[in-house]
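In: Turn this into a structure:
(one chain, ligands or ions: 1)
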Amino acid sequence: MVILPGRAFKGSGMRVRRCAILYLEPRERVEFDLHGLLAGSSGAARIVEWIAHAPHLARPVAIDEAARDCLGCLSAEEWTTREALAAWPADVLDRLVEQGLAVADEGGATEHAARDVQGRDGHWWGPAALVHAAGRWSGEDAAAATEAAGLSTAVGLRERLGVPPPAALTRCDPADRIALARAEADGFDELLQRRATCRNFDSDRPLSQALLARMMERVFAAQAQWRMDDETVFLKKGAPSGGGLHPTEAYLILQQVEGLAAGLYHYHPVEHALEPLPGAGMAMRELALQAVAGQHWFADAPVLVVMAARFARCFWKYRQHPKAYRAVTMDAGHLSQTLYLAATDLGLGAFVTCAINEVDIERALGLDPLEEGVMAVCGFGWRAGEMRNAEFDPAGRVWPAAR
Ligand SMILES: Cc1cc2nc3c(=O)[nH]c(=O)nc-3n(C[C@H](O)[C@H](O)[C@H](O)COP(=O)(O)O)c2cc1C
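Out: Down below sits the predicted model:
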């Protein structure tokens, strides 16, 4: 986001209010303190810095105590006049307006002010907006970071993190358990058993357009619709959705699909059609790798699906609702499981990850994170013949030879 220069608040007749959603964090950091060390202390000085989290801004802002106290005196709803704020030095207020933590009502709308209004109109529940904004990554290489921390294998996890909580929970005396019958596996059970996260795609084998179409139809297409009027339409899909609103959009990063140019596409769930999007200014492989935060085992998939929630669609019904963001997150989860099963049924491999660089994906697709939030990235394609990256297949359903 471009930070526009602030307008001088001092002496003007301007009014000001605090941005709509704001959380202050007393963040502690430790600095080496030579004087303290020489005086006999531990040599570690603990410094508290106030960090302002305002989801309409690109990043959190460090503020001083005067700014913190001034923010505490500003209403987020009522405009306060300059006269009423005479006790505050003008530079404190000017800086808050410049940083976008306070908004002035004159002098032309700044980008900060416009985004504050967008946040207000978007019916966000404050804590959800904070979680959504704070959890986004840019330029992370999660694969390298996990490797460097020694956390990429079960042995490494056990060594560094100790014993995990038990895999299954016991809540009664085992003697009191009521054993349930186990059924003969049918086709559906076998489908579930063959589902495994694919980390070995055949990067030389393109997907046919027919298989891509089949996958999109099964997972993301509207199977039917119910129209109350031309502007009030509800879609029926294979996965459930909070409020029946289906806010999750599917954007495709196509790398290798027969008859389709590599590039970015939006999937239209009613028309069952691809909408080509402008290029991202980089090769699709580079974007795919960036999107999945360096996880090359996923970047090899011929098709990656970015699931992005159109918040306005969900928050239209669930306004400032404490459960709405959770519903949006779960929607993506349901779609991902449907995608896994659809792919498995067609003999394809599939994955989902939320270790993703949301900010880089937003940039490539031209998405505004307050409007359309990237929740997860899925993908599918042909499996490779040999396992180069570990998969979790203890029963040997996918890799019988490797068991
Ligand atoms: C929400 C979610 C996020 C995941 N993120 C990653 C990821 O970042 N990288 C990865 O290799 N696998 C990821 N996975 C796959 C899990 O590691 C996988 O489901 C787990 O190891 C069990 O294996 P299975 O899916 O084959 O049963 C994710 C799965 C889910 C549901």
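In: Okay, buried residues for stretch 275-290 please.
Out: Residues of stretch 275-290 classed as buried by neighbour count (16 or more other C-beta atoms under 10 Å): Ala280, Met284, Arg285, Leu287, Ala288, Leu289, Gln290. C-beta coordinates here come from the backbone N, C-alpha and C atoms, glycine included.
In: For that stretch, give me every contacting residue.
Out: Residues outside stretch 275-290 that contact it (C-beta atoms under 8 Å, 6 or more residues apart in numbering): 139, 251, 253-255, 261-268, 295-296, 298-299, 301, 304, 357, 360, 363-366.
In: that older thread, find the pair from the buried residues of stretch 275-290 with maximum spatial separation.
Out: Ala280 and Leu289 (12.4 Å; C-beta to C-beta).
In: How far away from the center of its chain is stretch 288-306?
Out: 15 Å (C-alpha atoms, centre = their mean, to the nearest Å).
In: what do you get for stretch 81-96?
Out: Stretch 81-96 has its C-alpha centroid displaced from the chain centroid by 37 Å (C-alpha atoms, centre = their mean).
In: Quick one: mean pLDDT for that stretch?
Out: Averaged across stretch 81-96, the pLDDT comes to 89.
In: Next, the distance between the ends of it.
Out: Start and end residues of stretch 81-96 are separated by 15 Å (C-alpha to C-alpha, to the nearest Å).
In: could you pull out the helices for the stretch 301-403 of the chain?
Out: 311-315, 324-345, 358-365 (DSSP state H, counting those that start in this stretch).
In: Who are the packing partners of the last one?
Out: Counting by 3 or more C-beta pairs under 8 Å, 6 or more residues apart in numbering; DSSP states H and E, the packing neighbours recorded for helix 358-365 are helix 284-291, strand 303-310, strand 372-381.
In: right, so of the ones you listed, which gets closest to Glu65?
Out: strand 372-381 (33.0 Å).
In: which neighbours does that closest one have in its sheet, and in what orientation?
Out: strand 303-310 (antiparallel), strand 349-353 (antiparallel) (DSSP bridges).
In: near the ligand, which residues of this structure show up?
Out: Ala196, Thr197, Arg199, Gln295, Val352, Thr353, Cys354, Ala355, Phe392 (C-beta under 6 Å from any ligand atom).
In: Which residue comes closest to the second one once chain neighbours are left out?
Out: For Thr197, ignoring the flanking residues on the chain, the nearest one in space by C-beta to C-beta, 6 or more residues apart in numbering is Phe351 at 5.1 Å.
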